[in-house]
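*Asks:* Build me a model from this:
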Amino acid sequence: MVIDVQILLYSIAFVALAVASYHDWKTREVADWLSYALLGSALGLRLLFSVDTWNWWILAEGIAGFTVFFLLGCLFYYSGQWGGGDSKLLMGVGAIIGFELSFQTIPLVALYFLFSLFAGAGYGLLWIIVLSIKHFSRVSKEFVKEYTPFRFYGRLLLIFSGALAVFSFYLPLELLPLSIAVAFFPSVGFHLWIFVRSVEKIAFYKRVLPVNLTEGDWIADSIRVAGNVVVQAHGTGVTREQIGLLKKLHARGKVSTILIKEGIPFVPSFFFGFVCLLVYVYLI
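*Replies:* A predicted model of the protein is given here:
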């Protein structure tokens, strides 16, 4: 790709992701107009430069990048991992980065996706820790409640990890830190899982009136009226039509408040992943 095109596209993506991250952090939503503007700008600029240089690979690689992230976005959206706004934004980023059809190097979209996953893991863990400190007393009680049924397995894993750590001292000294980390990974992972579940139950759930619902909110409990399910829990989030129905039921006194689950605003991890990609492309 012509380097000037890449710099222009990456500059647009940087600004769009920064704005989207701030908006997601504040409102837990990503405006559709921002995702569509990013996608339109990416494909539009690629088309203009393709016409100007008569190099149609510029446009083709943008469409290929959009297709890759369209499929990934649908996978994560319909599996309930991301909201619709996250998935749409990712498609625009795919069109910006493009998918190199020469297959001579590692595709940048693949590197960006990996960078975003690693950034998201660290960012998500930090978010969980901050919430656990904020709600320390309630999270502590919930952790004990969650851990009690699995206490036997937790102790068993700890003994197993301790035994593996002892055998680590028979390995070469330079491998000792890594081998100890691997030995305690099952036990740490198990307790971390309980910890995350505890924080989620305390800090991620809240009750709101139907009028305060927004499209894409995750319903934590299926809503029933006269024994019939009117809105299914989780799924891909509440729709505009379902919100309208819940407002009508609330006005009739058949529905009071709705229990929803708030996820971690994930768009900042897209931004951090993109910053890592810029460092890789221009500084490494």
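*Asks:* From I264, how far off is I96?
*Replies:* I96 sits 24 Å away from I264, taking CB to CB, to the nearest Å as the criterion. (C-beta placed from N, C-alpha, C; glycine too.)
*Asks:* Those two: which is more packed in?
*Replies:* Neighbour count, other CB atoms under 10 Å: between I96 and I264, I96 has more, with 32 against 19.
*Asks:* Against which helices or strands is whichever strand or helix holds that one packed?
*Replies:* Per DSSP states H and E, I96 falls inside helix 84-97. Under the contact definition 3 or more CB pairs under 8 Å, 6 or more residues apart in numbering; DSSP states H and E, helix 84-97 sits against helix 3-27, helix 32-53, helix 57-78, helix 108-134, helix 267-283.
*Asks:* between those helices, which one is nearest to S222?
*Replies:* Smallest distance to S222 across the helices and strands packed on helix 84-97 (CB to CB): 18.4 Å, for helix 57-78.
*Asks:* helices or strands up against the closest one?
*Replies:* Against helix 57-78 (3+ CB pairs under 8 Å, 6+ apart) you get helix 32-53, helix 84-97, helix 108-134.
*Asks:* how big is the angle separating the second one from helix 267-283?
*Replies:* The directions of helix 84-97 and helix 267-283 differ by 10 degrees, with axes from the mean of the first three to the mean of the last three CA atoms, to 10 degrees as the criterion.
*Asks:* what about this structure, any weak spots by pLDDT?
*Replies:* Counting by pLDDT under 70, the chain contains low-confidence residues at 1-3, 80, 103-105, 234-236.
*Asks:* what residue of it is the furthest out?
*Replies:* Distance from the centre of the chain peaks at Y170, with 40.7 Å (CA atoms, centre = their mean).
*Asks:* wait, G237 sits on E215?
*Replies:* Yes: at 7.1 Å, G237 and E215 qualify as touching, with contact defined as CB atoms under 8 Å.
*Asks:* Neighbour count: those two, which is higher?
*Replies:* Ranked by neighbour count (other CB under 10 Å), G237 and E215 place G237 first, with 20 against 16.
*Asks:* What residues of stretch 19-30 count as buried?
*Replies:* Going by neighbour count (16 or more other CB atoms under 10 Å), the buried part of stretch 19-30 is 19-21, 23-24, 28-30.
*Asks:* Restricting to C-alpha, output that stretch in CSV.
*Replies:* Extracted in CSV, the C-alpha atoms of stretch 19-30 (Å, rounded to 0.1, in the frame of the first residue of the first chain):
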residue,chain,number,x,y,z
VAL,A,19,-13.5,9.1,20.7
ALA,A,20,-15.3,5.7,20.8
SER,A,21,-13.3,4.7,23.9
TYR,A,22,-14.2,7.8,25.8
HIS,A,23,-17.9,7.4,24.8
ASP,A,24,-17.9,3.8,25.8
TRP,A,25,-16.3,4.5,29.1
LYS,A,26,-18.9,7.2,29.9
THR,A,27,-22.1,5.7,28.5
ARG,A,28,-21.3,2.0,27.9
GLU,A,29,-22.4,2.5,24.3
VAL,A,30,-20.8,3.1,20.9
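*Asks:* Need the residues that contact that stretch.
*Replies:* Stretch 19-30 is contacted by residues 31, 34-35, 83, 85-86, 88-89, 214, 216, 262-263, 265-268, 270-271 when judged by CB atoms under 8 Å, 6 or more residues apart in numbering.
*Asks:* swap the cut-off to 10 Å and go again
*Replies:* By CB atoms under 10 Å, 6 or more residues apart in numbering, the residues outside stretch 19-30 that reach it are 31, 34-35, 38, 83-89, 92-93, 214-217, 262-272, 274.
*Asks:* Can you tell me which of the residues you listed are buried?
*Replies:* 31, 34-35, 38, 83-89, 92-93, 215-217, 263-272, 274.
*Asks:* ok, back up a step: find residues that contact each of G237 and E215.
*Replies:* Both G237 and E215 are in contact with 83-85, where contact means CB under 10 Å, 6+ apart.
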